[in-house]
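Trainee: Could you work out the structure for the sequence below:
(one chain, ligands or ions: 1)
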Amino acid sequence: MNEKTKRKNRMETTQAIVMEGEPNASDAEAYVTWLFQKAVQQRASDVHVQPHADGTRVLYRIDGVLREATRFESTNHERVISRLKVLACLPVYQHELPQEGRIEQTPGLCPARLAVFPTIHGEKAVVRLFHRLGERPLQLDELGFIPQIVKGLRQMTEGKSGCILLTGASGSGKTTTIYSLLRDIYCRRGDSVNVVTLEDPVEMNLEFAVQSEIKPAVGYTFATGLRSILRQDPEVLMLGEIRDRETAQMVVEAGLTGHLVISTIHSGNCVEVFTRLLEMGIEPYLVASSILGVLSQRLVRRKCPACLGKAVSPDGLPCEECQSTGFRGRTAVGEMLVVSDPFRKAVLRRLPTSELTEVSRENRIGSLLIQPDLSTSGTMEPSENLTPTLQQGVSHES
Ligand SMILES: [Zn+2]
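Mentor: Below you'll find the predicted structure:
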C-alpha cells in the first residue's frame, strides 16, 4: 500500500458518521438495538465494537470501508459485549477465548453473525449483518462486469457439466456474482432445473434453489454436505468455498460426472487457482478436464450520484446521500480465464505459474486494473480489498 492510499484510508476510517438519538451505553439492550438500526439505515455490512485504552469505538463497514460511527465509555464495554453474546446465545462468562455465534434476528431487523475475541483492552466484537436475505439477486449484467465477461459466464453455463470457480478477497462480491449466475441459469433453463446450494452462511434466499447452510460445530461441513447432495444428483450445484483437499477433489469429480458446479477458492488470481488445486494434491488431469473457467473479481466504489463524487451538495452543504464521502454503492470488476486446449495441456504438464500465465494470455477477458467504461459510469476508487500490487497499480493510474 503506498503513502497516498494509506493516508486516504486513514482519513476515511476516522471520519465519523452523523448519528442521532444515541441512548446511553449503560442501557446495553437499548444501545445495541439502536446500533443495529443505524447500521441497517447506513447500509453497513459489518459492525465492529472495539475496545481501546481510552474508550470503545464503534465502526461500520459501508461500501467496504470502515468508518467510525460512535464511541462510548470503557465502563459500559462489558455490558454491550454481554448483550451481543446473549443475542447470539454465547456464554457471557467466557472472556478468554474467541467465540462465534449466530444472531437469529438482530432486534427487529435481520439475522447476523457475531465473532468475539479477546484483546488486551477487553473483547472485540464483529457483527456481520445479513440484510439482503429478502432481496432478489441482480441480473448478471447489472453487476458491473464488462459485457465480454457476462457473455463468457453464460457460455460456460450452457453445458451440463464442469466447474466454474470464483476467486477474490473476502468481501469482493463473489457470492453476489454466484447468486446472479444461478438466477441467470434458472431463467434460461426454466423450472425443471434442479439447483442446490451449500453455503456458509446463506446470504440471500433464492426462490428457485434448495439452499443448505453448513454447521461445522455438529460435523456438517462442505465435504459431508457435498457427499450427501451428490447422491441426490443435482444438475447445478453451488458450494460456498473450497477449503480443503477433500472438498476440492469432490468438486472437480462432480464437474466431470454431469454436474455444473460453481464454487469459490482463495487464491491471488485466475491462474493461481490451478496451481493451488495442484498443490492441494488434485491430479492434473482432473483439474485440466473439469474446470471450464475462473473469474477473479473485486469491488470498486461508485461515485455518489447525488453529489457526483464531490461530497458536497450543489448548495454547498455536506452531501447526506453519501455521508460526505463522495461514494455510494459498489460495482464489480473482473478478470476471467476461459480454459482452452493449450492451457489444459499446460496444466497437464504441471507448468509453473509464470508459464501458465503466459499460456493463458490469449484466453483472459477483462482486467482487475482497467475498467474501460469507468469515465462514463462514474465509478472507480480502489477499495480496501486490493492486494498491495493491485493497489499500487490502481493508484498509479489515478
Ligand atoms: Zn454524495
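Trainee: Does E253 belong to a helix, a strand or coil?
Mentor: At E253, secondary structure determined by DSSP: H, G, I helix; E, B strand; the rest coil is helix.
Trainee: how near is it to the ion?
Mentor: As for E253, its distance to the ion is 50 Å (criterion: C-beta to the ion, to the nearest Å). Yep, even glycine has a C-beta here, placed from its N, CA and C like the rest.
Trainee: Which of the helices or strands spans the residue lying closest to that residue once chain neighbours are set aside?
Mentor: Take E253 and drop its neighbours on the chain: the residue closest to it by C-beta to C-beta, 6 or more residues apart in numbering is L286, 6.8 Å away. Element membership of L286 [criterion: DSSP states H and E] is helix 284-290.
Trainee: just G152 next, same as before
Mentor: Per DSSP H and E: helix 147-156 holds G152.
Trainee: In three-state terms, label the nearest residue to L90 once chain neighbours are set aside for me.
Mentor: In space, L90 comes closest to G101 once its chain neighbours are excluded; the distance is 4.5 Å by C-beta to C-beta, 6+ apart. Assigned state for G101: strand (three-state reduction, three-state DSSP).
Trainee: Give me the neighbour count for G101.
Mentor: 18 (other C-beta atoms under 10 Å).
Trainee: how many neighbours does A306 have?
Mentor: For A306, the neighbour count with other C-beta under 10 Å is 15.
Trainee: again with L165
Mentor: 29.
Trainee: per-residue confidence for P216?
Mentor: What the model reports as pLDDT for P216 is 87.
Trainee: Next, work out how far apart it and the ion are.
Mentor: 41 Å.
Trainee: repeat for T175
Mentor: For T175, the distance to the ion - C-beta to the ion - is 27 Å.
Trainee: R71 now?
Mentor: According to C-beta to the ion, R71 stands 25 Å off from the ion.
Trainee: same question, G190
Mentor: For G190 relative to the ion (C-beta to the ion), the value is 42 Å.
Trainee: Check E362 too.
Mentor: E362 is 42 Å from the ion, by C-beta to the ion.
Trainee: If you average the pLDDT over the next helix or strand after the helix holding G152, what comes out?
Mentor: Per DSSP H and E, the first helix or strand lying C-terminal to helix 147-156 is strand 162-167. The average of the pLDDT scores along strand 162-167 is 98.
Trainee: Now do strand 162-167 against helix 147-156: the angle between them, please.
Mentor: Strand 162-167 runs at 140 degrees relative to helix 147-156, counting by axes from the mean of the first three to the mean of the last three C-alpha atoms, to 10 degrees.
Trainee: for the stretch 51-200 of the chain, what spans make up the helices?
Mentor: Assigned by DSSP state H, counting those that start in this stretch, the stretch 51-200 of the chain shows helices spanning 77-87, 147-156, 174-189.
Trainee: The residue nearest to E253: how many residues sit nearby?
Mentor: With other C-beta under 10 Å as criterion, L286 counts 20.
Trainee: could you list every residue that touches it?
Mentor: By C-beta atoms under 8 Å, 6 or more residues apart in numbering, L286 lies in contact with Q249, V252, E253, L256.
Trainee: which among these end up buried?
Mentor: Buried members of the contacts of L286, counted by 16 or more other C-beta atoms under 10 Å: Q249, V252, E253.
Trainee: now for the helix or strand harbouring the first one, which elements pack on it?
Mentor: Okay, so that is Q249. Assessed by DSSP H and E, Q249 sits inside helix 245-256. Where contact means 3 or more C-beta pairs under 8 Å, 6 or more residues apart in numbering; DSSP states H and E, helix 245-256 is packed against strand 162-167, helix 222-231, strand 236-242, strand 260-265, helix 284-290, strand 291-303.
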